[in-house]
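Colleague: Have a look at this prediction, sequence included:
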Protein chains: 2
Amino acid sequence: MALPDTRTKILDAAERLFAEHGYRGTSVRAVTDLAGANLAAVSYHFGSKAELLAAVARRVIEPITAAQCARLDEVLARTPDPPVAELVEAFAGPLFDEMPAGKESGARTSRLIVTILSDPAEEARGWTGPDEDTVRERYLAAFAHALPGLAPQELMFRMRGILAVTAVDRVEVYQQPSPGCVSPVAGEAARQWAITFLTAAMSAPPTRARQ
Amino acid sequence: MALPDTRTKILDAAERLFAEHGYRGTSVRAVTDLAGANLAAVSYHFGSKAELLAAVARRVIEPITAAQCARLDEVLARTPDPPVAELVEAFAGPLFDEMPAGKESGARTSRLIVTILSDPAEEARGWTGPDEDTVRERYLAAFAHALPGLAPQELMFRMRGILAVTAVDRVEVYQQPSPGCVSPVAGEAARQWAITFLTAAMSAPPTRARQ
DNA sequence: ATGTAAGTCAAACGTTCGTTTCAATCGAAT
DNA sequence: ATTCGATTGAAACGAACGTTTGACTTACAT
């Protein structure tokens, strides 16, 4: 097996450090030290720290988006009217499964996504491509079909809820459990709980206007 | 009306800037400039930037915790066996209502909470007091009573889901809506949607072990 | 062997950061 | 009027940051 080149080693190190300490909490020097590379290698290979973050984010998000797309194809090939539960599983499942770097525990990937999405730094935004928008639009249409009578805005709210639940759960897996409380369980159990939780939530009848 | 003193002006400015740019994205100079105070005033009144964050967090969280506690008292006084919907409303409601500084739009408060909770900076943690733990334990017991048969760990997962949904929704209210998608709606509608979403999710039957 | 482009390296650049210092100022008790 | 603690002010501290520079090394086509 060939040694990874400097560019890949930097991407691996940055993915790990961004996930653990956030964009602003990670210095370029920390990345190059962990990667065993020279400080100037980041500028040389990526141009700037912000572009390094974009490269890391793209590498992580891409296979997730692809899996969401593929699973929706499978579901729609089976039936033109998929139930909510199957759509939830197809959309949320890849957020638990994927492990783009292919090396370590999958929790770090989700942690990275959350860290990036919730980072107030401007550099942490604007790296999304057209693929993410396409997948979201397709799921939006599928959910709208499975949930007639739900206002588009409330449907958007619920879609964001899916991301919120899968994301914030993984955040706390990474943090130390607070004293005296049941520690979160990683892996397959959390995935099943999330599907249960989100399927029930997405299937809720539309909110009635206040009487 | 008396002018606010320097300490309060700094707290107000810091609350706003921490909410918008996060802990690491906010410099002490930016806080004192916005507050119209001297740079050294932060060290003098709070000791350090980290302790300033803790003071801001405490001021924001305190009335929310108090409201959650009071509403649970009301619900339990009405019936010893409150339904899930009432518990969800009592717990999640204050996260939408409260506006501790009493001055501007409530969305910023939630934005601050999310920013703090999801901030990878170590300084952003460790400011929680015993009150938050007490309230969580009380709701945990109430939900456990209303949802017999649910494993404690899955219940913890669902409690985190409540925070996730209320929090991340408010995050995106603050961000600009992505192009071509329905923009999130603030205020009362989001509150009602969240109650609907979370009540259905919390009421879901326990997840069966995989067959 | 020679030339060329890509990649790596140590060192330094200028800026911004959190914090500290110490003198100046204020308000109230003496 | 004077004293004294509390507060504010301008200036500077050392450290860490992202980025750039220019020489050096490597690999390969000529």
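Modeller: Yep, that arrived. Numbering: from 1, shown residues only, chains lettered A, B, ... in the order given.
Colleague: separation between residue A:9 and DNA strand C?
Modeller: From residue A:9 over to DNA strand C the distance is 8 Å, taken as C-beta to the nearest atom of the strand, to the nearest Å. No exception for glycine: its C-beta is placed from N, CA and C like everyone else's.
Colleague: now swap in residue A:41 and tell me
Modeller: Relative to DNA strand C, residue A:41 is positioned 5 Å away (criterion: C-beta to the nearest atom of the strand).
Colleague: same thing with residue A:130?
Modeller: With distances taken as C-beta to the nearest atom of the strand, residue A:130 is found 28 Å from DNA strand C.
Colleague: Then residue A:198?
Modeller: Distance of residue A:198 to DNA strand C, computed by C-beta to the nearest atom of the strand: 38 Å.
Colleague: Per-residue pLDDT of that residue, please?
Modeller: The model reports residue A:198 with a pLDDT of 97.
Colleague: How about the one 4 residues further on?
Modeller: For residue A:202, the model assigns a pLDDT of 97.
Colleague: helices and strands around the worst-scoring helix or strand of chain A on mean pLDDT, which ones?
Modeller: Of all the helices and strands that make up chain A, the one with the lowest confidence by mean pLDDT, DSSP states H and E is helix A:107-117; it has a mean of 71. Applying 3 or more C-beta pairs under 8 Å, 6 or more residues apart in numbering or on different chains; DSSP states H and E, one finds that helix A:107-117 contacts helix A:6-21, helix A:49-78, helix A:84-97, helix A:152-174.
Colleague: What separation do you get for residue A:115 and residue B:121?
Modeller: Plainly put, residue A:115 is 11 Å away from residue B:121 if you go by C-beta to C-beta, to the nearest Å.
Colleague: again with residue A:71
Modeller: When distance is defined by C-beta to C-beta, residue A:71 is 36 Å away from residue B:121.
Colleague: same deal with residue A:76?
Modeller: To residue B:121, residue A:76 is 43 Å away according to C-beta to C-beta.
Colleague: Kindly report the same for residue A:55.
Modeller: Between residue A:55 and residue B:121 the computed distance is 23 Å (C-beta to C-beta).
Colleague: quick one, what contacts the residue nearest the centre of chain A?
Modeller: Here the mean C-alpha position of chain A is nearest to the C-alpha of residue A:113 (C-alpha atoms, centre = their mean), at a distance of 4.5 Å. Residue A:113 makes contact with A:60-61, A:95, A:167, according to C-beta atoms under 8 Å, 6 or more residues apart in numbering or on different chains.
Colleague: ok so, going back, of residue A:115 and residue B:121, who's got more company?
Modeller: Remark: of residue A:115 and residue B:121, residue A:115 carries more neighbours, 25 against 16, as counted by other C-beta atoms under 10 Å in any protein chain shown.
Colleague: Which residue is the nearest non-sequential neighbour of the more buried one?
Modeller: Leaving aside its chain neighbours, residue A:115 sits nearest to residue A:22 (5.2 Å; criterion: C-beta to C-beta, 6 or more residues apart in numbering or on different chains).
Colleague: my guess is the one you found contacts residue A:117, does it?
Modeller: No - with contact defined as C-beta atoms under 8 Å, residue A:22 does not count as touching residue A:117 (11.5 Å).
Colleague: ok, those two, which is more surrounded?
Modeller: When residue A:22 and residue A:117 are compared on other C-beta under 10 Å, the one with more neighbours turns out to be residue A:22, at 26 against 19.
Colleague: tell me the phi and psi of that one?
Modeller: phi 80, psi 170 (degrees, to the nearest 10).
Colleague: go on, residue A:47?
Modeller: phi 100, psi -50.
Colleague: Could you do residue A:36 as well?
Modeller: Reported as degrees, to the nearest 10, the phi and psi values for residue A:36 are phi 70, psi 30.
Colleague: count of neighbours near the residue nearest to residue A:89 when sequence neighbours are not counted?
Modeller: Counting by C-beta to C-beta, 6+ apart, residue A:89 lies nearest to residue A:195, which is 5.5 Å off, once chain neighbours are set aside. By the criterion of other C-beta under 10 Å, residue A:195 has 19 neighbours.
Colleague: Reformat the helices and strands packed on helix A:107-117 into a markdown table and put mean pLDDT next to each item.
Modeller: Supplementary listing: the helices and strands packed on helix A:107-117 in a markdown table, determined by pLDDT from 0 to 100:
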| stretch | mean pLDDT |
| --- | --- |
| helix A:6-21 | 94 |
| helix A:49-78 | 94 |
| helix A:84-97 | 91 |
| helix A:152-174 | 78 |
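Colleague: any chance of those helices in a markdown table, plus distance to residue A:203?
Modeller: Rendered in a markdown table, the data for the helices and strands packed on helix A:107-117 read as follows (distance: least, C-beta to C-beta, whole Å):
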| stretch | distance to residue A:203 |
| --- | --- |
| helix A:6-21 | 32 |
| helix A:49-78 | 16 |
| helix A:84-97 | 5 |
| helix A:152-174 | 10 |
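Colleague: any chance of these in JSON lines, plus mean neighbour count?
Modeller: Rendered in JSON lines, the data for the helices and strands packed on helix A:107-117 read as follows (neighbours: other C-beta atoms under 10 Å in any protein chain shown):
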{"stretch": "helix A:6-21", "mean neighbour count": "21"}
{"stretch": "helix A:49-78", "mean neighbour count": "18"}
{"stretch": "helix A:84-97", "mean neighbour count": "21"}
{"stretch": "helix A:152-174", "mean neighbour count": "21"}
